[in-house]
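Participant: Predicted coordinates and the sequence they were generated for:
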Amino acid sequence: MPAKRTKSKVDQQIDENLKRVYDDALKAEVPDRFIALIQQLKNSDGSQRPDGTDSDDA
Amino acid sequence: MTHDPRDEIVDHLPSLRAFAMSLTRNSATADDIVQDTIVKAWSNIEKFEPGTNMRAWLFTILRNTYYSLHRKRAREVADIDGEYAARMSEKPEHDGRLSMNDFREAFAQLPDDQREVLILVGASGFSYEEAAQMCGCAVGTIKSRANRGRKRLAELMQLDDGESMEMTDAATLGVVNASHFG
């Protein structure tokens, strides 16, 4: 049998900490600049959506 | 109106930022990369296959963005490693539990390829296969990076796979038993 390298106690502990680091970062509030950027992108190609329909103006 | 997959991008912003932070270890750089990723995803949305994992697609764009930027900035950030190494040489006290800051510093010392794989498979729940696809390499390569990364973290955190952990457990068990029967 191969050693249980991937699920040793140490590895579990490491993965738990990885999740904590990652989850901490996930909880951070998304800055408004990204929402604004997406809105800007939407506006700038509002007349040529990929489905071929016009979203705002004709 | 047909569903536009671009409307989903906003849902992935928190995980994009978390992934970018783990790659860059710097929030300003992370946000620059996230911004580039959004713009690229937006303008290349026709390359996204509907029904596939959008987060994986976005992460792939983000890591490509990071690596092309990183090559340009390699010299500017070269100092970080030395600084972390210096701080790590003061040994953290070992009480069988990882301190969050010690862990972050140890994690930051890993090479990019190991750090990203650990975040992808260890923290954000992608399979080895998905990570391999995202990184454009073999599953075996991903597994070996993950193993080397975990091993290095264990070394940096002074965790042993064998006796010391068992001793910690035995000690903990002893305390638990003592409190039960005392």
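Facilitator: Nice, I can see it.
Participant: And chain B, what are its domain boundaries?
Facilitator: Chain B resolves into domains spanning B:8-77, B:96-174 when parsed by automatic domain parsing.
Participant: who wins for proximity to residue A:31 among those domains?
Facilitator: Residue A:31 sits nearest to domain B:8-77 of all those, at 6.8 Å, using Cβ to Cβ. Where C-beta positions appear, they are placed from N, C-alpha and C, glycine not excepted.
Participant: Check whether the closest one comes into contact with chain A.
Facilitator: Yes - using Cβ under 8 Å from any Cβ of the partner chain, domain B:8-77 reaches chain A at B:9-10, B:13-15, B:17-18, B:21-22, B:31, B:34-35, B:38-39, B:42, B:45-46.
Participant: Write the ChimeraX selection for whichever of those residues are buried.
Facilitator: Remark: buried members of the residues of domain B:8-77 next to chain A, expressed as a ChimeraX selection using 16 or more other Cβ atoms under 10 Å in any protein chain shown:
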select /B:9,13,15,17,18,21,22,31,34,35,38,39,42,45
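Participant: follow-up on the earlier one: possible to save the domains of chain B as a markdown table with distance to residue A:26 and mean pLDDT?
Facilitator: Below are the domains of chain B laid out as a markdown table (distance: least, Cβ to Cβ, whole Å; pLDDT from 0 to 100):
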| stretch | distance to residue A:26 | mean pLDDT |
| --- | --- | --- |
| domain B:8-77 | 5 | 90 |
| domain B:96-174 | 9 | 83 |
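Participant: so which of the ones you listed gets nearest residue A:22?
Facilitator: Among those, domain B:96-174 sits nearest to residue A:22 (Cβ to Cβ), with 3.6 Å.
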